[in-house]
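>>> A predicted structure for the sequence below; I have some questions about it.
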Amino acid sequence: MALLLAAVLALTGLLVARPTQAAADSADSFVTRCGIRFCLDGEEYFFAGANAYDIFTFGAGSGDTETQYMDKARIDAHFARMAADGVDVARVWMFSHESWHGFEEREGEFNEQQYAAFDYIIESAKAHGLRLIPIFENYWEAYGGIDTRLRWEGLSGGHPARAAFFDKNRCPGCFTSYKNSVSYALNRINHYSGVKYKDEPAIFAWELMNEPRYEGQSAAENVDGTTLRAWVDEMGAFVKSIDPNHLLGAGIEGHGTKYGFGGDSGNPFVHIQKSPYIDFTSAHPYPTEHWADLSIEETKDLVRAWIRDSHEVVGKPFFMGEFNVHNVDRALWWREIYAAFEEAGGDGSAFWWYQDRNIDGKFGVSEGAPELAVFRAHSDRMAAKSGLPGTTPSPTPTDPTTEPTGPTTPPTTEPTGPTTPPTTPPTAPAPAGCAVTYTLSDWGTSFNGSVTIRNTGGTPVEGWRLAFDFPGDQRITQMWNAVPVQDGRAVTASNPSGYNVTIAPGASVNFGFNGSSTAGTNGVPTAFTLNGKVCTAA
């Protein structure tokens, strides 16, 4: 069926001829995480994306499913438009509790017509060489959000009352209804392809929620995020128990007084996204909003801080899941933000938002907008970092049609695969000081480890060898950015030949690995030595 769809789209001129980054990759492969990087087919993968949140509303929302409820031509045209402009990944909403294009208008009643429309969205994205990041639910009131789930349980929504959604003692039914809807979506069989959503490689990743917070409940919670972290852990584990194929994000904004962006709102960037079930971090900078009021240079520093904490503290890829500016020279700001993002090693981005017609005069970006030339250059550079072809020159703009009816809302190193370990680990001089951060993602019989080594001394480390012991029955199956030697529980990871050899004072290196384990035996090693010297466990 997917081949038939592609053929039809090609005949109607909606398929682009040039290879996009996602189209050039293996369409049957899932995107994975390799330590602090996204990977595809064993190679590091960087992407340039956009939000197209409202694509689930394209169509009348009533009438015959295939010809009226969804507008296939409009869906196809928008994916073709995004592909021509170099969009690799589209972040999309997969939630609504409204009667118009609602996925779940009443608790536990899932709208077959709306899910059929999302089936087509997946197939059209595939045909145009894009991957998708669907979001399961909304913290905010748009399209009902968690306020609706609270009402189903007899509770009030709005701020700060909606915090009850994340508290199992106050709203156990909220946990049940959320899990039921997620389970339905993950197990949904696409009626075009016959593939379950959880088995669909065109899905880049899922996000648990759009911008969740546990705000205004106590000063300690605002800073520590204890309740939201517990919710993320439980829901993350639930998603992974059904769908081990896909990456998972929390969808948070990156606010916090430590970053000088917004305030502490119960969703601290590091603590929430250190959850072992979360595969990448996210943040949503809107620097020109009155509550943010950041200059270009302050915005660049903010992006650098997020990427640094994501890679060196959390140990995961960084996704700038939303961003935009208004009432300024947007092309200039985008050029500066993208440059800082790329220089700091950002992994993926998605501007807010690519509209298919003139709906949003504040943040909407339409085909032919001057900032899209900046985006295409960014997309080319991200593709080049992945070793893939970039975009073609700017497409010819088309005139937008009338506004729809219904609601609206506003340096890279190559990973190494399994390696035959050397019989004798290489020797290297001892460093003056070191700190090690070990991040564990444990799924019972399998796990992922990400290790960051920081040189805290005053002289460079020329050649490195990190040793530690697993706490239980763990076995490395693949390691990247380091060469492994394992003898029982004892592990030694050494620098690869030809790169990542030197750790400058104050600098760090990262490596990661996959492994098998006996359920219940995993944990974080308690002691590390670098070239024979004891390191601090960060």
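Arrived safely, thanks for sending.
>>> what sits against residue 334?
Shown in contact with residue 334 (C-beta atoms under 8 Å, 6 or more residues apart in numbering): 325, 351, 371, 374-375, 378. For the C-beta atoms, the positions are set from N, CA and C on the backbone; glycine is no exception.
>>> could you list which of those residues belong to helices?
371, 374-375, 378 (DSSP state H).
>>> quick one, strands of the stretch 401-538 of the chain?
Under the criterion DSSP state E, counting those that start in this stretch, strands of the stretch 401-538 of the chain are mapped to 434-442, 446-455, 461-462, 465-469, 474-480, 483-487, 490-494, 502-503, 508-517, 528-530, 533-534, 536-537.
>>> so which of those gets nearest residue 219?
Closest approach to residue 219 among the strands of the stretch 401-538 of the chain (C-beta to C-beta): strand 434-442, 27.6 Å.
>>> all the helices of this protein, residue numbers only.
2-11, 21-24, 72-84, 112-127, 145-152, 172-187, 219-224, 226-242, 269-273, 296-308, 330-343, 371-385.
>>> quick check: which of those is buried the most?
helix 21-24 (a mean of 24; mean count of other C-beta atoms under 10 Å).
>>> average pLDDT for that helix?
For helix 21-24, the mean pLDDT works out to 43.
>>> does residue 291 touch residue 262 like I think?
Yes - using C-beta atoms under 8 Å, residue 291 is in contact with residue 262, at 6.8 Å.
>>> pLDDT weak spots in this structure?
Across the chain, residues meeting the criterion (pLDDT under 70) sit at 1-26, 390-432, 497-499.
>>> the same query, at a cut-off of 50, please.
Residues of the chain that meet the criterion pLDDT under 50 lie in 1-25, 392, 394-431.
>>> farthest pair within the ones in helices among the contacts of residue 334?
371 and 378 (10.2 Å).
>>> tell me which of the helices of the chain lies nearest to residue 452.
Using C-beta to C-beta, these put helix 296-308 closest to residue 452, at 10.9 Å.
>>> check the offset of that closest one from the chain's centre.
A distance of 18 Å separates the centroid of the chain from that of helix 296-308, by C-alpha atoms, centre = their mean, to the nearest Å.
>>> which residues touch it?
Residues from elsewhere that reach helix 296-308, judged by C-beta under 8 Å, 6+ apart: 254, 259-261, 269, 281, 283, 285, 287, 294, 318, 320, 332-333, 336-337, 339-341, 344-346.
>>> and the angle for that helix with helix 330-343?
30 degrees (axes from the mean of the first three to the mean of the last three C-alpha atoms, to 10 degrees).
>>> mind putting the helices of the chain in a markdown table, distance to residue 210 included?
Converted to a markdown table, these look like this (distance: least, C-beta to C-beta, whole Å):
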| stretch | distance to residue 210 |
| --- | --- |
| helix 2-11 | 28 |
| helix 21-24 | 22 |
| helix 72-84 | 20 |
| helix 112-127 | 16 |
| helix 145-152 | 8 |
| helix 172-187 | 13 |
| helix 219-224 | 20 |
| helix 226-242 | 14 |
| helix 269-273 | 14 |
| helix 296-308 | 18 |
| helix 330-343 | 21 |
| helix 371-385 | 22 |
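>>> residue contacts, residue 267?
212-215, 225, 228, 252-253, 255.
>>> same thing but 7 Å
212-214, 225, 228, 252-253, 255 (C-beta atoms under 7 Å, 6 or more residues apart in numbering).
>>> just the C-alpha atoms of stretch 34-49, please, in PDB.
Only the C-alpha atoms of stretch 34-49 are listed here, as PDB (Å, rounded to 0.1, in the frame of the first residue of the first chain):
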ATOM      1  CA  CYS A  34      24.600   6.400  20.600                       C
ATOM      2  CA  GLY A  35      25.600   8.100  23.800                       C
ATOM      3  CA  ILE A  36      25.200  11.800  23.200                       C
ATOM      4  CA  ARG A  37      24.300  11.400  19.600                       C
ATOM      5  CA  PHE A  38      21.400  10.200  17.500                       C
ATOM      6  CA  CYS A  39      22.400   7.400  15.200                       C
ATOM      7  CA  LEU A  40      21.000   5.800  12.000                       C
ATOM      8  CA  ASP A  41      22.400   2.600  10.700                       C
ATOM      9  CA  GLY A  42      25.400   2.900  13.000                       C
ATOM     10  CA  GLU A  43      26.300   6.500  11.800                       C
ATOM     11  CA  GLU A  44      25.800   9.700  13.700                       C
ATOM     12  CA  TYR A  45      22.700  11.500  12.600                       C
ATOM     13  CA  PHE A  46      22.000  15.200  12.800                       C
ATOM     14  CA  PHE A  47      18.700  16.800  11.600                       C
ATOM     15  CA  ALA A  48      17.000  20.000  10.800                       C
ATOM     16  CA  GLY A  49      13.200  20.000  11.500                       C
END
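>>> which positions in it come out as buried?
34-40, 44-49 (16 or more other C-beta atoms under 10 Å).
>>> contact partners of it?
Taking C-beta under 7 Å, 6+ apart as the rule, stretch 34-49 contacts 21, 25-26, 29, 31-33, 86-91, 311, 315-317, 347-350, 375, 378-379, 382, 385-387, 412, 415, 417, 450, 480-481, 510-512.
>>> please repeat the previous calculation with a cut-off of 6 Å.
Contacts to stretch 34-49, defined as C-beta atoms under 6 Å, 6 or more residues apart in numbering, come from residues 25-26, 29, 31-32, 87-89, 311, 317, 347-348, 350, 378-379, 382, 385-386, 412, 415, 417, 450, 480, 510, 512.
>>> can you say which of the residues you listed are buried?
Among the contacts of stretch 34-49, those buried by neighbour count (16+ other C-beta under 10 Å) are 25, 31-32, 87-89, 311, 317, 347-348, 350, 378-379, 382, 385-386, 415, 450, 480, 510, 512.
>>> could you measure from residue 136 over to residue 248?
For residue 136, the distance to residue 248 equals 10 Å [C-beta to C-beta, to the nearest Å].
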